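prediction below, plus the sequence it came from.
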Amino acid sequence: MELDPGTLSGRVAAFCRYLRDRGFRIGVAEAEDALRAIDAIGVTNRERLRAGLRSVLCGKRDELRIFDRVFDVFFGDGRLIERENARPQRTLSVRFRVKGTGSIPAGKRSSQNTAHPPGAARLR
Amino acid sequence: MKPEELKERYLDRGYIASDEFATAFGLMLALEKPLLLEGPAGVGKTESAKVLADVLGTKLIRLQCYEGLDAASTLYEWNYPKQLLRIRLTENEDIPVDAREAQIFGQEFMLRRPLLEAILQDRAPVLLIDEIDRADEAFEAFLLEVLGEFQVTIPEIGTLRARHRPAVVLTSNRARELSDALRRRCLYLWLDYPSFEREIEILRARVPGLDARLATQIASFMRFLRDQPLQKAPGVAEAIDWGVALAELHRKVLDEETLELTRGCVIKAQEDWEFLRSQRERYLSALGA
């Protein structure tokens, strides 16, 4: 799966914020490390991205399962996330891709379930 | 180093690394952050750091933690006998006190302990801080300071700073909860027992000449053992030892007699053996007998 690099930093920020709300000890430094990690491992392999972000953002075993669930929501196949208050240039490509029919199979678009980051981000 | 390359180099050394493992170790090197490895005893945490030093062609410096470990004994100590000897040997010489002190508090009278040793290397070493959960919280706080700066101030000598940041691996068996501060400083990797298939792979890689069927039997018996409420659950090292022993004895199959003969490889407490004996039916079926 190819992630859209234009929206990646915004998505990572929302991801970190969401984990923080769930009790993860993630500060500015950890969020920066997450971006450095992505830089080092790339975004072409989702499981590798998962393993990399997990090593950066988790600090104990209990957190691993929560992390995996949230990761699936934020970086799951074909799912895109748009931050509500993001600046236009950040979200342009997201909006384009969400509105366009070419890049996302319609079935996957509507397959969102219960997980819904409150306030911080909206899932489509 | 890319995860694929790390995996391959670990494999060359008989260590079968998962993708997740290789990604975490790769990031540790790329981000220059310490890596905290947690997991049950015997899953290869310590071994992973040893192999890393070999992979990187650098020195492994190991600090084994224990209860009551204090900061001083991990940095340096003065070599008192050598200092005393020097004073004795030069007591007839007319040396001013200042000069004498400067002499006996020089680097040659210092006994370097692991943390200082790691700081003073010409090439970035692998620093293994083993079983950090056994040391107390005061030591953990001190360690955080060292891991942050990689410099040490010695009153008699001055400040010594690492020229290259060591690659730091910390291991914990979770005897004590570590502080959030330490966890945040480190990358995190949970190492669990290998899956059934992976354990067979490990056995075949580490014990050349081990019968394929026997390897499968060992792996499935290890799974059974780890599900039992034993005092000492056997790790991967025990499985390998067992494999080696059985290969040496030219056993082709793991039966009750063979188990009794070689049980010392995997069952390390008499209570555990007695418990298993009381479950004879179940362990026989785990042996496939």
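Thanks, I have the structure now.

got the phi/psi numbers for the residue of chain A found nearest chain B?
Using CB to the nearest CB, the single residue of chain A nearest to chain B is residue A:59, 3.5 Å away. Every C-beta, even on glycine, is put in place using the N, C-alpha and C of the backbone. Note on residue A:59: its backbone torsions stand at phi -130, psi -10 [degrees, to the nearest 10].

surely it and residue A:25 touch.
Yes. The pair residue A:59 / residue A:25 is scored as a contact, 6.0 Å apart, by CB atoms under 8 Å.

which neighbours do those two have in common?
B:180, B:183, B:184 (CB atoms under 8 Å, 6 or more residues apart in numbering or on different chains).

what mean pLDDT does stretch B:107-119 have?
Averaging pLDDT along stretch B:107-119 yields 93.

and that stretch, what's buried?
Residues B:109, B:110, B:113, B:114, B:115, B:116, B:117, B:118, B:119 are the ones in stretch B:107-119 that count as buried (16 or more other CB atoms under 10 Å in any protein chain shown).

can you list contacts of that stretch?
B:61-63, B:73-79, B:82-83, B:86, B:120, B:125, B:127, B:146, B:150-152, B:154, B:157, B:160-162, B:166.

among the residues you listed, which are located in helices?
Mapping these onto helices (DSSP state H) picks out B:73, B:74, B:75, B:82, B:83, B:86, B:146.

ramachandran angles for the residue nearest to the fourth one when sequence neighbours are not counted?
When you say that, I think you mean residue B:82. Nearest residue to residue B:82, sequence neighbours excluded (CB to CB, 6 or more residues apart in numbering or on different chains): residue B:109, at 5.6 Å. In terms of degrees, to the nearest 10, the main-chain angles of residue B:109 are phi -100, psi 10.

OK, contacts around residue B:282?
Residue B:282 sits in contact with residue B:224, where contact means CB under 8 Å, 6+ apart.

show me where the chain has strands.
Here I'm looking at chain A. A:81-82, A:122-123 (DSSP state E).

chain B is the one I meant
B:35-38, B:60-64, B:76-78, B:110-112, B:126-130, B:151-154, B:158-161, B:167-172, B:187-190.

output those strands in JSON lines, with distance to residue B:21 appended to each entry.
Formatted as JSON lines, the strands of chain B follow (distance: least, CB to CB, whole Å):
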{"stretch": "strand B:35-38", "distance to residue B:21": "9"}
{"stretch": "strand B:60-64", "distance to residue B:21": "18"}
{"stretch": "strand B:76-78", "distance to residue B:21": "34"}
{"stretch": "strand B:110-112", "distance to residue B:21": "31"}
{"stretch": "strand B:126-130", "distance to residue B:21": "15"}
{"stretch": "strand B:151-154", "distance to residue B:21": "31"}
{"stretch": "strand B:158-161", "distance to residue B:21": "31"}
{"stretch": "strand B:167-172", "distance to residue B:21": "12"}
{"stretch": "strand B:187-190", "distance to residue B:21": "7"}
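
how about low-confidence regions in the chain?
I went with chain A, as the question did not name one. Confidence mapping of chain A against pLDDT under 70 gives the ranges A:1-6, A:77-124.

ah, I was thinking of chain B
In the predicted model, chain B carries pLDDT under 70 at residues B:289.

residue furthest from the geometric center of it?
What lies farthest from the middle of chain B is residue B:94; by CA atoms, centre = their mean that is 50.3 Å.

roughly how far does that residue sit from residue B:44?
60 Å (CB to CB, to the nearest Å).

so what's the residue of the stretch 151-289 of chain B found nearest chain A closest to, chain neighbours aside?
In the stretch 151-289 of chain B, the residue that lies nearest chain A is residue B:183 (3.5 Å; CB to the nearest CB). Distances taken as CB to CB, 6+ apart place residue A:59 nearest to residue B:183, at 3.5 Å, with adjacent residues excluded.

try residue B:272
residue B:230 (4.5 Å).

what is the neighbour count of that neighbour?
18 (other CB atoms under 10 Å in any protein chain shown).

residues of chain B that sit close to chain A?
For chain B, the contact set with chain A under CB under 8 Å from any CB of the partner chain comprises B:3, B:19-20, B:23-24, B:26-28, B:30-31, B:33, B:35-36, B:38, B:180, B:183-184, B:186-190.

what subset of the residues you listed is buried?
Buried among the residues of chain B next to chain A (16+ other CB under 10 Å): B:3, B:20, B:23-24, B:26-28, B:30-31, B:33, B:35-36, B:38, B:183-184, B:186-190.

and the most centrally placed residue in chain B, how far from chain A?
Closest residue to the average C-alpha location of chain B: residue B:46 at 2.3 Å, with CA atoms, centre = their mean. According to CB to the nearest CB, to the nearest Å, residue B:46 stands 19 Å off from chain A.

again with residue B:87
49 Å.

wait, that residue sits on residue B:100?
Yes. Taking CB under 8 Å as the definition, residue B:87 is a contact partner of residue B:100 at 7.1 Å.

wait, does the longest helix along chain A contact chain B?
Longest among the helix segments of chain A by residue count, using DSSP H, is helix A:5-21. No. Helix A:5-21 stays clear of chain B (CB under 8 Å from any CB), getting no nearer than 12.3 Å.

buried residues, that helix. List them.
Buried-residue list, helix A:5-21, by 16+ other CB under 10 Å: A:7, A:10, A:11, A:12, A:13, A:14, A:15, A:16, A:17, A:18, A:19, A:20.
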